[in-house]
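*Asks:* After the sequence you'll find the predicted model.
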Amino acid sequence: MSRLEQYLQMYLDDLLALNETQAAGQTSSRTATDDHHHRLHSQQLERVRSHDLKWSVYCRTAPTGRTVALPNMLHSNRISNNPSVQAHHHFLPNHTAGVVADYDGDKAFVGKFSTDGEVFVSACQDRHIRFYHTDSLDTTLRHPHTQQGDKDGVEPFKVIAAKDVGWSVLDVDFSRDQHFVVYSSWSNYLHLCNVHGPYDVHQALDMQPAIPRHFCAFSIRFSPDSREVLAGTSEYALYLYDIVQNQRVLKIQAHEDDISAVAFAEEDNSNIFFSGSDDALCKMWDRRCLQEGDQAKPVGVLIGHTDGITFIASKGDGRYVATNSKDQTMKLFDVRGLGIRHSSIDAIKQTAARIPQWDYRYNVFPRDVVHSVHPCDQSLMTYRGHRVLQTLIRGHFSPLATTGQKYLYCGSHDGCVYVYNLLTGDLVTRLTHHNMVVRDVAWHPTLPYLITTSWDGTHVAFDYQEPPDALPLAAPPQPGRVRMNDRGLDRGRLFHPQFSTQGAAPTDSPNDSSEENDQVDRQQYLVHQLHRYQQLQRLQELQRLLLRHQTLGSEEGTEEGAEEMEEPDQEQDQEPDQE
């Protein structure tokens, strides 16, 4: 059993013990309110016993947590009430687990998980696209000595030889059903390929650019309905290709420079999308208002960066979007505030005037504008620390299922991965391994590990490893040994088994008479006691959340039953007093 499973098992055992003790302490003479709360406790206890909660924590089908609006998140410093999310916050990747693939120095440009997390796709400068089963990745990470296959990594289950490649494959994206991918390069064509199936599909999608042989789609995305492909190009234009009709259906002049990033605002809406360009602007578009040849007007403009945008990450809720930029920052925007704070025309003019004259591919970022702030900055938060040089470095929201999208993470020119707290802007962790730029990072949607994509030609996985100075977990509670104090805490479980209840040194210590050893043991005991107390506080919070959920469900059931009954009893007319 892994450390994470032990932690979650103890979480559930303590919750079960608390519920059993509270249920056993009920008296025979209860009021209507007591009966109501006792019924809720019984339902909650039965739910835990039926392993519904345990299954949702251990498996990948965790129940959807309640997403809170950003102002409320800033007030409560919380993203989701999902128990699985709360547990995974303590197991963020912090350790190099192993090399997934090594391409002998060929620069890796793309590394991405499918939406369900079952497939990992890789594209590098050797003009090949490789697909890996994540099950084989998990096995290799747990048993590094068994690594065999594609050079020094895992064996891919499918390899596609890319066509019409100039410089490298620059971007790859999965369709919504995970059956197809589309990739782009310095070419007039995008290419559509299948992931699974007995036959190989490799179809060229002609974008019909105005300037052939000098055309590149820097960023591409499947629409949520998988019918169209959106591309940001070197012609300062957005292209939309309809796969069903097999033709380009839209081209709009959207920016004043190369469009390096595109993204859809919502996971189930193909109408609203974003574009980011080297003109330092992120624009929001509505597909229903655009037609071929019309003068394109965006729905809104997100202003705040002072240099070109390299990547756009949408939170998927249609409200928040994060952008990475050559001004060495990431920014978080709320699209609901578009056009309210500043005049778009004046702000756009100021943005164009503040872009420094330098080439991020070869030069160092100018020191005189390192900490410059846009006078019309509309962003909610700015994240600094990583370096954006040489290539279009990408950043993303952390997964919803395991972290509640509480973090932003990105690659960096210094070969590290930076993870920021979404709410505070603080740097949470900095993962080091590579000696060259990390262009992309992919966090598994349901498991606590991530994979980097670096120009040193490797994909490296990072997972959680217990720090060497961490104290061991206490043993699971034994039947009949649960003791509750006046605050409902298990006082007996607050003490580590190797210490006595008085906090003395362990009996098997070789120097029991040494005052120095006694002091060290006492400090370890106090540290562990504090850790256990904080853990039990989290358990009580989880219990209150579950109780509130059951209470709301009981209220809805009571109201429905009252409508169906013609003559309700007097006891049923008396609703329990709820706080």
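*Replies:* That came in fine, so what should we check first?

*Asks:* only C-alpha atoms for contact and neighbour calcs from this point on.
*Replies:* Fine.

*Asks:* Now that residue 454 has come up, it's in contact with residue 432, right?
*Replies:* No - in this structure, residue 454 is not within contact of residue 432 by Cα atoms under 8 Å, at 11.7 Å.

*Asks:* which of those two has more neighbours?
*Replies:* Between residue 454 and residue 432, residue 454 has the larger neighbour count (other Cα atoms under 10 Å), namely 30 against 15.

*Asks:* Identify the contacts common to residue 454 and residue 432.
*Replies:* Jointly contacting residue 454 and residue 432 under the rule Cα atoms under 8 Å, 6 or more residues apart in numbering are residue 415.

*Asks:* in the stretch 401-550 of the chain, which spans are helices?
*Replies:* Using DSSP state H, counting those that start in this stretch, the helices of the stretch 401-550 of the chain run over 515-564.

*Asks:* Then the chain?
*Replies:* Under the criterion DSSP state H, helices of the chain are mapped to 3-24, 32-49, 52-58, 70-76, 83-88, 134-142, 344-354, 400-403, 515-564, 570-573.

*Asks:* hey, least reliable of those helices by pLDDT?
*Replies:* Comparing mean pLDDT over the helices of the chain, the weakest stretch is helix 52-58, at a mean of 33.

*Asks:* So what does residue 394 have for phi and psi?
*Replies:* phi -110, psi 150 (degrees, to the nearest 10).

*Asks:* Count residues in the vicinity of it, would you?
*Replies:* Using other Cα under 10 Å, residue 394 is surrounded by 26 other residues.

*Asks:* same question, residue 467
*Replies:* By the criterion of other Cα under 10 Å, residue 467 has 9 neighbours.

*Asks:* From residue 238, how far out is it?
*Replies:* According to Cα to Cα, to the nearest Å, residue 467 stands 48 Å off from residue 238.

*Asks:* Touching, residue 126 and residue 106? I think so.
*Replies:* Yes - using Cα under 8 Å, residue 126 is in contact with residue 106, at 6.1 Å.

*Asks:* Spatially nearest residue to residue 461 (excluding sequence neighbours)?
*Replies:* Distances taken as Cα to Cα, 6 or more residues apart in numbering put residue 451 closest to residue 461, at 4.3 Å, once the chain neighbours are dropped.

*Asks:* so who does the one you found touch?
*Replies:* Counting by Cα under 8 Å, 6+ apart, residue 451 has contacts 100, 111, 441-444, 459-462.

*Asks:* go on, residue 435?
*Replies:* Neighbouring residues of residue 435 by Cα under 8 Å, 6+ apart: 414-415, 456.

*Asks:* Spatially nearest residue to residue 379 (excluding sequence neighbours)?
*Replies:* Distances taken as Cα to Cα, 6+ apart place residue 333 nearest to residue 379, at 4.7 Å, with adjacent residues excluded.

*Asks:* who are the neighbours in contact with that neighbour?
*Replies:* By Cα under 8 Å, 6+ apart, the contact list for residue 333 reads 302, 320-322, 378-381.

*Asks:* go again using 7 Å as the cut-off
*Replies:* Neighbouring residues of residue 333 by Cα atoms under 7 Å, 6 or more residues apart in numbering: 320-322, 379-380.

*Asks:* Likewise for residue 298?
*Replies:* Counted by Cα under 7 Å, 6+ apart, residue 298 has contacts 283-285.

*Asks:* Just the ones of those in strands?
*Replies:* 283-285 (DSSP state E).

*Asks:* Out of these, who's the most crowded?
*Replies:* When neighbours are counted by other Cα under 10 Å, residue 284 leads the ones in strands among the contacts of residue 298 with 23 neighbours.

*Asks:* Pretty sure it sits against residue 274.
*Replies:* Yes - between residue 284 and residue 274 there is a contact at 4.6 Å, judged by Cα atoms under 7 Å.

*Asks:* do you know how far the residue nearest to residue 379 is from residue 179?
*Replies:* 32 Å.

*Asks:* got it, and residue 218?
*Replies:* Distance, residue 218 to residue 179, by Cα to Cα: 22 Å.
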